[in-house]
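Undergrad: Provided below for reference: sequence and predicted model.
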Amino acid sequence: MQLLPRNLNAQLVLLVSCILLATGAISGWVTARRQSDMLVATTREHAAIMTRNVGESSAHYLVLQDYAGLETLLRGSLEQPDLLRLQVAEPGGILVGEVGKDPGG
């Protein structure tokens with residue numbers, strides 16, 4: 001039983017098909033890798049921006065010692081679909097406010 005065809009044209013077609021298949025697979029893998037890295041970088045950037053905005057907004061409530069307003073701000077920020085918990089701590093590490101979602105929700 002012969003594995004490769006005897007005809008030269010058939011052999012060339014088989015060779016080119018194998019090369020195209022390998023090129024497509026490698027290209028798909030590289031594209032998926034790049035998009036994955038871009039998604040992670042974008043998610044980190046959005047998290048940093050949100051953290052900075054919540055921190056700046058929380059500072060106002062901390063200066064006024066309005067903890068109910070701080071909790072309202074945190075609950076409003078927690079409406080983002082990817083967030084499970086938000087905490088606000090003082091520079092010494094003392095927790096001032098914390099809100100979270102139900103893990104099953």
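TA: Looks like it arrived, so ask away.
Undergrad: Tell me which residues touch residue 78, please.
TA: For residue 78, the set of contacting residues under the criterion of C-beta atoms under 8 Å, 6 or more residues apart in numbering consists of 85-86, 99-101. All C-beta atoms are positioned from the backbone trio N, CA, C, and that covers glycine.
Undergrad: could you show me where the strands are in the chain, in order?
TA: Along the chain, the segments classed as strands by DSSP state E run 85-89, 95-100.
Undergrad: quick one: the shortest one to chain centroid distance?
TA: Meaning strand 85-89. Relative to its parent chain, strand 85-89 has a centroid offset of 20 Å by C-alpha atoms, centre = their mean, to the nearest Å.
Undergrad: can you check the last one too?
TA: The offset between the C-alpha centroid of strand 95-100 and the centroid of the whole chain comes to 23 Å, using C-alpha atoms, centre = their mean.
Undergrad: The protein: helices as residue ranges?
TA: Read by DSSP state H, the chain holds these helices, from start to end of the chain: 8-64, 67-77.
Undergrad: Relative to residue 91, which of those is closest?
TA: With C-beta to C-beta as the measure, helix 8-64 is the member of the helices of the chain nearest residue 91 (10.7 Å).
Undergrad: Fine by me, thanks again.
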